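Engineer: Sequence below, structure please.
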Amino acid sequence: MGLLQTMGTGQGYLKAGILGFPKSGKTYTGTLLAVATRQMFGSTTPIAMFDTEGGSEYIAPMIRKLTSQEGLVVRSRSFDDLMKFAAECETAGVSVCLVDSITHPWRELCDAYLAKVNAGRKSRHLPPRTKLEFQDWNPIKEAWAKWTDWYLNSKVHVIICGRAGFEYDMHTDEETGRKELQKTGVKMKTEGEFGFEPSLLIEMERSQKINGNIQMVRRATVLGDRFGLLDGKIAEFPSKNAAYDKELAVVRKFFAPHLEALKPGAYAPIDTTVKTDMDVDENGNSEMYRARREKQIVLEEIQSAMLRGWPSQGKEDKLAKIGLIQEVWNTGSWTRVENLPTEILHAGLKVVRAKVAEKLGEPVPADATEAEEIAKTPEEVMGTTDLPW
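Structural biologist: Alright, predicted model coming up:
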């Protein structure tokens, strides 16, 4: 076999995503999941966090208590710093890395691109743009793909937290017939396709239980589990306590089926290198486009040459041009001429120019006779159809 390989070698690294609205427990749950993952895999190296909101100082005591180690942190919102953090986590052998929140590097990347565009506009004395435009998204998404590729293929357990936002769609009211914008779901506020990348996607919500006492609970709903073990499962995590042991036990037990399905050390990366030869030029034009354009040009040159020799719309000139088409290409159909191979059209153009030069008393090109043999087609004459003049 060449490209084909045996599937089922396993996936060895947790790739989780946690989304939720403010104060829903994303950071707290993500940290507990990181500790549970570290324990279940028997890791001894630190947990690292890319902190965009200052949450690292609040979870530091929990990491210290549960792992007997200090957590590592990078406090930044820069996309460049995120990529440096990712590379350093892998080379330093970090057990689990937590990114909270992934929303900020995405926004910083967009803002950095717009700032770069406006710097260029300022140098040309143009007014600044206030928002991104359609043509901007392709280079931004290309830059973002560096993070996506690392997230999928890194030999590190990665947990990302992201702010939730509502998805909207247009629906038609059955009674009024009017179109209305309605909420259709919840998504992570980041690059549009990234929400599909995590192998374990969790939505966090907060609510109050009132049983004589008001109690805040944080509810986790598994939106997607690629192993299919936790899809749709819901768990309620208890309120915080100083020991952290009860919360860790609940989180570890709930997510254990997914974590146990991972195979320590297994590595099944996706090849993300760009290999496909698109055969386009510097203007993005394909070979097929260039061939069509070349044919269009030579057809226009044939028409132009004929009009130079027989410029009028009178019957005599029209018949002369039809006769020339018949003589050169052995057909009276312009549609058939349009569908001839380009090399035959080029040869025919030389013949047409020679006939026009002869008619106008101009020097005749020396290669006209050879071109005449190439231009002749053996197919059956199809009759006259609409001509371009």
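
Engineer: Which strands and helices lie in contact with the helix or strand where residue 289 lies?
Structural biologist: Element membership for residue 289, per DSSP states H and E: helix 287-309. Secondary-structure packing of helix 287-309 (3 or more C-beta pairs under 8 Å, 6 or more residues apart in numbering; DSSP states H and E): helix 315-329, helix 334-338, helix 342-360. From N, CA and C alone the C-beta is placed, and that goes for glycine too.

Engineer: now the first one and helix 287-309, what's the angle there?
Structural biologist: Just to be clear, that refers to helix 315-329. If you take axes from the mean of the first three to the mean of the last three C-alpha atoms, to 10 degrees, helix 315-329 sits at 130 degrees to helix 287-309.

Engineer: which strands and helices sit next to helix 315-329?
Structural biologist: helix 287-309, helix 334-338, helix 342-360, helix 368-375.

Engineer: Can I get the first one in PDB, CA atoms only?
Structural biologist: Extracted in PDB, the C-alpha atoms of helix 287-309 (Å, rounded to 0.1, in the frame of the first residue of the first chain):
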ATOM      1  CA  GLU A 287      -4.400  26.400 -17.200                       C
ATOM      2  CA  MET A 288      -7.900  25.800 -18.400                       C
ATOM      3  CA  TYR A 289      -8.800  29.500 -18.000                       C
ATOM      4  CA  ARG A 290      -5.600  30.500 -19.800                       C
ATOM      5  CA  ALA A 291      -6.400  28.100 -22.700                       C
ATOM      6  CA  ARG A 292     -10.000  29.500 -23.000                       C
ATOM      7  CA  ARG A 293      -8.600  33.000 -22.900                       C
ATOM      8  CA  GLU A 294      -6.000  32.200 -25.600                       C
ATOM      9  CA  LYS A 295      -8.800  30.700 -27.800                       C
ATOM     10  CA  GLN A 296     -11.000  33.800 -27.300                       C
ATOM     11  CA  ILE A 297      -8.100  36.100 -28.300                       C
ATOM     12  CA  VAL A 298      -7.300  34.200 -31.500                       C
ATOM     13  CA  LEU A 299     -11.000  34.100 -32.500                       C
ATOM     14  CA  GLU A 300     -11.200  37.800 -32.000                       C
ATOM     15  CA  GLU A 301      -8.100  38.300 -34.100                       C
ATOM     16  CA  ILE A 302      -9.600  36.200 -36.900                       C
ATOM     17  CA  GLN A 303     -12.700  38.300 -36.900                       C
ATOM     18  CA  SER A 304     -10.600  41.500 -36.900                       C
ATOM     19  CA  ALA A 305      -8.500  40.300 -39.800                       C
ATOM     20  CA  MET A 306     -11.600  39.400 -41.800                       C
ATOM     21  CA  LEU A 307     -13.200  42.800 -41.100                       C
ATOM     22  CA  ARG A 308     -10.100  44.500 -42.300                       C
ATOM     23  CA  GLY A 309     -10.400  42.800 -45.600                       C
END
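
Engineer: related to what we said a few turns ago, quick check: which of the helices and strands packed on helix 315-329 is buried the most?
Structural biologist: helix 342-360 (a mean of 19; mean count of other C-beta atoms under 10 Å).

Engineer: if we look at the helix holding residue 289, which residues are touching it?
Structural biologist: 279-281, 285, 320-321, 324, 337-338, 342, 345-346, 348-349, 352-353, 355-356, 359-360, 388-389 (C-beta atoms under 8 Å, 6 or more residues apart in numbering).

Engineer: need the helices for the stretch 51-200 of the chain, in chain order.
Structural biologist: 56-67, 79-91, 103-123, 137-153 (DSSP state H, counting those that start in this stretch).

Engineer: now the helices and strands packed on helix 287-309 in CSV, with distance to residue 270 and mean pLDDT?
Structural biologist: Formatted as CSV, the helices and strands packed on helix 287-309 follow (distance: least, C-beta to C-beta, whole Å; pLDDT from 0 to 100):
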stretch, distance to residue 270, mean pLDDT
helix 315-329, 53, 89
helix 334-338, 46, 89
helix 342-360, 41, 89
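
Engineer: could these go into JSON lines alongside distance to residue 46?
Structural biologist: JSON lines is the format used below for those (distance: least, C-beta to C-beta, whole Å):
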{"stretch": "helix 315-329", "distance to residue 46": "78"}
{"stretch": "helix 334-338", "distance to residue 46": "70"}
{"stretch": "helix 342-360", "distance to residue 46": "66"}
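
Engineer: Ok, which of these comes nearest residue 245?
Structural biologist: Taking C-beta to C-beta, helix 342-360 is the member of the helices and strands packed on helix 287-309 nearest to residue 245, at 77.7 Å.

Engineer: And the closest one, what does it pack against?
Structural biologist: If contacts are counted by 3+ C-beta pairs under 8 Å, 6+ apart, helix 342-360 sits against helix 287-309, helix 315-329, helix 368-375.

Engineer: Of all those, which one comes closest to residue 122?
Structural biologist: helix 287-309 (35.9 Å).

Engineer: Let me know the average pLDDT across the closest one.
Structural biologist: In this model, helix 287-309 has a mean pLDDT of 90.

Engineer: and the angle for it with helix 342-360?
Structural biologist: Going by the same axes, to 10 degrees, helix 287-309 makes 10 degrees with helix 342-360.

Engineer: Relative to the whole chain's centre, how far out is helix 287-309?
Structural biologist: 38 Å (C-alpha atoms, centre = their mean, to the nearest Å).

Engineer: cool, stretch 343-350 as well?
Structural biologist: That offset, for stretch 343-350, works out to 44 Å (C-alpha atoms, centre = their mean).

Engineer: quick one: the nearest residue to residue 32 once chain neighbours are set aside and residue 294, what's the gap?
Structural biologist: Nearest non-adjacent residue to residue 32, counting by C-beta to C-beta, 6 or more residues apart in numbering: residue 251, 4.2 Å away. For residue 251, the distance to residue 294 (C-beta to C-beta, to the nearest Å) stands at 65 Å.
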